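Enquirer: Got a predicted model here, sequence first, then my questions.
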Amino acid sequence: MSHYEERLSLDLEAIRSELRNVGEQVQAGLDDAIRALQAHDRKLASETILGDMSINRAIRRIDRLCHAFVARHLPSAGHLRFISSVLRVNVALERVGDYAVKISRETVQLSASPPASVARHVEQMSHHAQNLLSHAIEAFHEGNAEMARGAKSVSGSRDSTFSLVFRDLLRVGEGSDRPLKDLLSLIVIFNAIERVGDQAKNICEETIFVATGETKGPKVYDVLFVDERNDCATQLAAAFAHKVFPGSGRYTTAGWGAAPSVDPGCLDFMEQHGLGAPQEAPAALDPSHAALARYDVIVALEPGMRDQIKELPFTTVLLEWDMEKTSVEERYKEICHRVRALMETLRGEGAD
């Protein structure tokens with residue numbers, strides 16, 4: 001091994017060692033924050049807050065080591081991928097450390113331990129987040145893309161859990177004398193626990209990038225077009241979106257008073273303008289929380305959608321387009337303009 005190769009190997013090992021130590025400190029800090037919350041241990045919470053200072057110093061050391069490595073070795077290919085990913089993993093770990101601090105600060109402010117029903121959610125969500133983080137960090141250190149993919153795949157959607165937590169907190173607020181400040185603190189805590197899982201997913205994506213060179217693909221959005229009858233405007237919107245932005249989204253239509261079939265005039269218009277036959281017949285809207293939660297965006301093409309749903313999922317955006325019922329051709333022109341603007345907002349001007 002040449003002197004240069006030996007120096008490169010030593011520098012890489014120094015970065016790996018520092019990152020491994022930071023990962024262990026961050027996981028320990030998160031564990032302490034959760035234990036302090038569950039036991040309402042203000043002393044442990046305060047120690048966790050102060051412990052984050054050493055994590056921040058270690059984070060800055062890794063930054064300096066990475067920048068020095070780039071300046072000294074001018075890396076390319078695999079080494080460059082590794083260093084760029086270490087910098088992003090470093091940010092993810094720093095944020096997890098910040099979440100542990102946030103949990104600890106809110107714990108200090110709580111008047112008592114979380115109520116039993118809330119404590120069960122703490123146990124469930126924190127166990128999931130901690131396991132996911134542990135597997136993500138292990139996969140990165142081992143350079144194991146398959147382990148990272150496995151960890152990422154089990155992360156799942158936490159929107160339904162978070163909504164359940166929120167409803168339980170409302171019940172606690174209505175049925176007990178806990179101060180409002182406690183309930184707000186618990187919401188902040190649950191949000192921080194949820195974000196730990198997001199950072200773990202980011203670490204998994206960096207592992208896949210280092211090991212294979214694969215980058216995270218652009219997000220494909222689930223979009224629901226909805227109105228009362230689902231027999232014309234929604235069909236036009238979905239058809240145009242399928243034709244112009246096939247790679248940017250999955251498009252579905254529904255109606256809260258769905259017609260038995262697509263309007264014949266609309267069918268003729270679609271055929272004349274090369275939109276093809278509708279992707280689906282008019283379908284009844286399922287207004288349940290679980291059904292709506294699978295969509296990133298719901299577009300209501302006429303008023304009335306909000307009256308059909310009890311609760312909009314936390315991560316779903318509802319857009320209400322106030323469109324006049326003019327001729328099919330005039331409505332289609334407006335729909336094209338609005339759908340194009342929506343998809344370019346979601347995916348940028350290069351949306352396909």
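Expert: Okay, I see it. Numbers count the residues shown, from 1 in each chain.
Enquirer: neighbours around residue 306, how many?
Expert: 10 (other C-beta atoms under 10 Å). The way it works is simple: take the backbone N, C-alpha and C, and place the C-beta from them, glycine included.
Enquirer: can you pull the contacts of residue 10?
Expert: With contact set as C-beta atoms under 8 Å, 6 or more residues apart in numbering, residue 10 has no partners.
Enquirer: Tell me which helix or strand in the chain has the weakest average pLDDT.
Expert: In the chain, no helix or strand scores lower on mean pLDDT, DSSP states H and E than helix 159-175, which sits at a mean of 69.
Enquirer: next structured bit after the lengthiest helix in the chain?
Expert: Ranked by number of residues, the top helix in the chain under DSSP state H is helix 3-39. Moving toward the C-terminus from helix 3-39, the next helix or strand (DSSP states H and E) is helix 42-73.
Enquirer: between that following helix and helix 3-39, what angle do the directions make?
Expert: Relative orientation of helix 42-73 versus helix 3-39 (axes from the mean of the first three to the mean of the last three C-alpha atoms, to 10 degrees): 160 degrees.
Enquirer: all strands of the stretch 201-350 of the chain, in order?
Expert: For the stretch 201-350 of the chain, applying DSSP state E, counting those that start in this stretch gives strands covering 221-227, 249-255, 297-300, 317-320.
Enquirer: Give me whichever of those is most buried.
Expert: strand 221-227 (a mean of 24; mean count of other C-beta atoms under 10 Å).
Enquirer: Dump that one to PDB, restricted to CA.
Expert: C-alpha atoms of strand 221-227 as PDB (Å, rounded to 0.1, in the frame of the first residue of the first chain):
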ATOM      1  CA  TYR A 221     -48.200  11.900  -6.200                       C
ATOM      2  CA  ASP A 222     -51.600  10.400  -5.600                       C
ATOM      3  CA  VAL A 223     -54.200  12.800  -6.700                       C
ATOM      4  CA  LEU A 224     -58.000  12.500  -6.400                       C
ATOM      5  CA  PHE A 225     -60.300  14.600  -8.600                       C
ATOM      6  CA  VAL A 226     -63.800  14.800  -7.000                       C
ATOM      7  CA  ASP A 227     -67.100  16.500  -7.600                       C
END
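Enquirer: Mind listing the strands that strand pairs with, and their directions?
Expert: Sheet partners assigned to strand 221-227 using DSSP bridges are listed as strand 249-255 (parallel), strand 297-300 (parallel).
Enquirer: How about residues contacting it?
Expert: So strand 221-227 is contacted by 233-234, 237-238, 241, 248-256, 285, 292, 294-302, 304-305, 342, 346-347 (C-beta under 8 Å, 6+ apart).
Enquirer: what about 6 Å?
Expert: Residues from elsewhere that reach strand 221-227 (C-beta atoms under 6 Å, 6 or more residues apart in numbering): 233-234, 237-238, 249-255, 285, 294-302, 305, 346.
Enquirer: Next: stretch 34-48.
Expert: 29, 32-33, 103-104, 107-108, 113, 126.
Enquirer: 7 Å instead, please
Expert: 29, 32-33, 100, 103-104, 107-108, 110, 112-114, 119, 122, 126, 189 (C-beta atoms under 7 Å, 6 or more residues apart in numbering).
Enquirer: Low-confidence ranges, the stretch 151-300 of the chain, go.
Expert: Applying pLDDT under 70 to the stretch 151-300 of the chain flags the ranges 155-163, 173-176.
Enquirer: What ranges does it have for its helices?
Expert: For the stretch 151-300 of the chain, applying DSSP state H, counting those that start in this stretch gives helices covering 159-175, 180-212, 233-244, 264-272, 289-292.
Enquirer: The second one: which residues count as buried?
Expert: This means helix 180-212. Residues 182-183, 185-186, 189-190, 192-211 are the ones in helix 180-212 that count as buried (16 or more other C-beta atoms under 10 Å).
Enquirer: helices and strands around it, which ones?
Expert: helix 77-109, helix 116-142, helix 145-153, helix 159-175 (3 or more C-beta pairs under 7 Å, 6 or more residues apart in numbering; DSSP states H and E).
Enquirer: export those helices to CSV and tack on mean neighbour count?
Expert: Compiled in CSV, those are given as follows (neighbours: other C-beta atoms under 10 Å):
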stretch, mean neighbour count
helix 77-109, 20
helix 116-142, 18
helix 145-153, 18
helix 159-175, 15
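Enquirer: ok, back up a step: now the helices of the stretch 151-300 of the chain in JSON lines, with distance to residue 94?
Expert: JSON lines is the format used below for the helices of the stretch 151-300 of the chain (distance: least, C-beta to C-beta, whole Å):
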{"stretch": "helix 159-175", "distance to residue 94": "23"}
{"stretch": "helix 180-212", "distance to residue 94": "9"}
{"stretch": "helix 233-244", "distance to residue 94": "39"}
{"stretch": "helix 264-272", "distance to residue 94": "52"}
{"stretch": "helix 289-292", "distance to residue 94": "34"}
